[in-house]
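Novice: I would like to see how this sequence folds:
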Amino acid sequence: MTLTRRQFSIALGTGFTGMALTRTNSSSAQSSGSPHMPLTLTPGTLIVASAYPDPPFDIIENGAASGFDIELMRAICAQLGLALRPVPYTGADFNGIFDGLAKRTCDAVISGTTITPERAAIVRFSEAYLEFNQGVAVTGG
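Specialist: I've put the predicted structure just below:
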């Protein structure tokens with residue numbers, strides 16, 4: 001299945017961030033000039049890197065990926081008519097997860113990812129889907 005960039009963006013805009021996409025197009029896609037071009041590395045499949053385990057976002061149970069982020073990506077893939085292929089990121093430094101986008105080993109990254117100016121300079125983020133207002137609780141008095 002080939003989608004226009006607009007169709008792909010609209011589907012992605014329906015609900016996720018901390019999900020990142022590469023900022024650059026492949027040279028073959030750019031040179032083709034076609035309005036309909038494959039937007040995934042493997043036709044019909046969205047390869048999504050995630051750092052496991054990171055409950056409740058990313059969980060592997062009995063060899064199967066699950067968790068909030070993964071279920072969100074399943075819903076997006078269903079809307080796009082794509083199969084989801086979750087892949088684990090195993091690097092020691094979480095920022096390295098974005099290298100997969102630059103090296104074109106994954107189509108997207110989702111892993112409870114915080115949007116920062118430094119990360120946004122190298123990848124595209126969707127709208128934020130979660131906001132954390134964390135604090136410390138103490139007894140009153």
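Novice: looking at this, residue 69 is in a strand?
Specialist: No - according to DSSP: H, G, I helix; E, B strand; the rest coil, residue 69 belongs to no strand; its state is helix.
Novice: what's the burial count for it?
Specialist: Other residues lying near residue 69 total 28 when counted by other C-beta atoms under 10 Å. The way it works is simple: take the backbone N, C-alpha and C, and place the C-beta from them, glycine included.
Novice: against residue 140, how distant is it?
Specialist: 36 Å (C-beta to C-beta, to the nearest Å).
Novice: next: residue 116.
Specialist: Taking C-beta to C-beta, one finds residue 116 at 35 Å from residue 140.
Novice: who's more crowded, the two?
Specialist: Neighbours per residue, other C-beta under 10 Å: of residue 116 and residue 140, the larger number sits with residue 116, 10 against 4.
Novice: phi, psi for that one please.
Specialist: phi -130, psi 160 (degrees, to the nearest 10).
Novice: could you do the one 4 residues further on as well?
Specialist: Here the main-chain torsion angles of residue 120 (degrees, to the nearest 10) amount to phi -70, psi -20.
Novice: can you check the pLDDT for it?
Specialist: Residue 120 carries a pLDDT value of 91.
Novice: what do you get for residue 34?
Specialist: For residue 34, the predicted pLDDT is 44.
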